[in-house]
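> build me a structure from this.
(4 chains)
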Number of protein chains: 2
Amino acid sequence: MVAATQEKTWTVGELAEELGVTTRTLRHYEAEGLLAPRRAGQNRVYTARDRARLRLILRGRRFGMTLAECREIVDMYDGAESSERLQLTTLLARLDDISADLRRRQDDLRRTLAEVGEVAGQCRRRLDELV
Amino acid sequence: MVAATQEKTWTVGELAEELGVTTRTLRHYEAEGLLAPRRAGQNRVYTARDRARLRLILRGRRFGMTLAECREIVDMYDGAESSERLQLTTLLARLDDISADLRRRQDDLRRTLAEVGEVAGQCRRRLDELV
DNA sequence: TCCTTCCTTGACGTTAACGTCAACGTAAAG
DNA sequence: CTTTACGTTGACGTTAACGTCAAGGAAGGA
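Next up, the predicted model:
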């Protein structure tokens, strides 16, 4: 098992393809400080950790988080390994704020979904009447 | 009860203020065909119905719906009162698509919230270790 | 060697969703 | 009658999140 420590990596093209975005998006995220892939010479090398970060970002984007908000969240993964009480306490407070915000959005989504269901129900009733 | 049929109305400024947006936003939504308030001469007059539409729109915006998506949904409220079978059937299919999309976003949100909770938990554990 | 494919950086373009400013009308208050 | 506080339209500006070239480098196959 000589090669057991060789973790899988991706090129920009591969990772972009796999997650359904363009390479431009990956370079943009890097420019905005959301990703920081290794380099093999000039070329970017993405690890499984980079890939996980990217998936978090893309997931957030799908329900309206800005890149700045995404960055704040992924950065917290690193901050949570701090050893300073003040840092951890501050981070924890921020995380609570973020959770509250996400729950509000969850509520907005839930209500919207409910109302879409209402309209669908109304459609079905009118279709029944048309028999 | 002579005046019982006089429903409450709002001016742009009043409605914007009440819902926490600017008047520019209301005029923009009108230009994009999401709202169509009555006029009293030149001035816009918003009814409770307009207000309800606006609340739906703003709610959708909060979790990442575009104005075009918002318009499609609010327009369906009107379409659901159609009397043509084909119209209703088409609308119903579209509503199912939208519901599926919203549920995906709901899932994305749920997962993100869970992971934020994970990070918070990790913070708390590290804080405990620091006693 | 040449060709293709993938990568790089840099720079300008585009779209959505408003912000901002100008120039003007009008109705109530002082 | 003028000031103040709304309202109107029109037009240009701004920000975020990429899209879209352009120009070039490095690796591998025919």
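
> going forward, measure contacts and count neighbours with C-alpha atoms only.
Fine.

> check which element follows whichever strand in chain A runs longest along the chain.
When chain A is parsed with DSSP state E, its longest strand is strand A:43-47. Where DSSP states H and E defines the elements, the next helix or strand beyond strand A:43-47 is helix A:48-62.

> ok, that following helix near DNA strand C or not?
No. Judged by C-alpha under 7 Å from any atom of the strand, helix A:48-62 stays clear of DNA strand C, getting no closer than 13.2 Å.

> does DNA strand D have contacts with the helix or strand following that helix?
For helix A:48-62, the following helix or strand on the C-terminal side (DSSP H and E) is helix A:67-79. Yes. Helix A:67-79 is in contact with DNA strand D by C-alpha under 7 Å from any atom of the strand, via A:L67, A:A68.

> what packs against helix A:67-79?
helix A:48-62, helix A:85-129, helix B:85-129 (3 or more C-alpha pairs under 8 Å, 6 or more residues apart in numbering or on different chains; DSSP states H and E).

> how distant is the last one from the center of its chain?
It stands for helix B:85-129. On the basis of C-alpha atoms, centre = their mean, to the nearest Å, helix B:85-129 sits 17 Å off its chain's mean C-alpha point.

> so what's the closest residue to chain B within chain A closest to, chain neighbours aside?
Residue of chain A nearest chain B, by C-alpha to the nearest C-alpha: A:G64 (3.6 Å). Among residues not flanking A:G64 along the chain, B:G64 sits closest, at 3.6 Å (C-alpha to C-alpha, 6 or more residues apart in numbering or on different chains).

> ok, A:T11 - contacts?
A:N43, A:R44, A:V45, A:Y46 (C-alpha atoms under 8 Å, 6 or more residues apart in numbering or on different chains).

> let's go with 6 Å and repeat that
For A:T11, the contacting residues are A:V45, by C-alpha atoms under 6 Å, 6 or more residues apart in numbering or on different chains.

> mind pulling up the pLDDT for it?
Here, the pLDDT recorded for A:T11 equals 98.

> repeat for A:V2
Here the pLDDT value assigned to A:V2 is 51.

> look at A:E7 and report its pLDDT.
A:E7 is given a pLDDT of 88.

> got the phi and psi for the closest residue in space to A:N43 that isn't next to it in sequence?
Leaving aside its chain neighbours, A:N43 sits nearest to A:T11 (7.8 Å; criterion: C-alpha to C-alpha, 6+ apart). For A:T11, the backbone dihedrals are phi -90, psi 170 (criterion: degrees, to the nearest 10).
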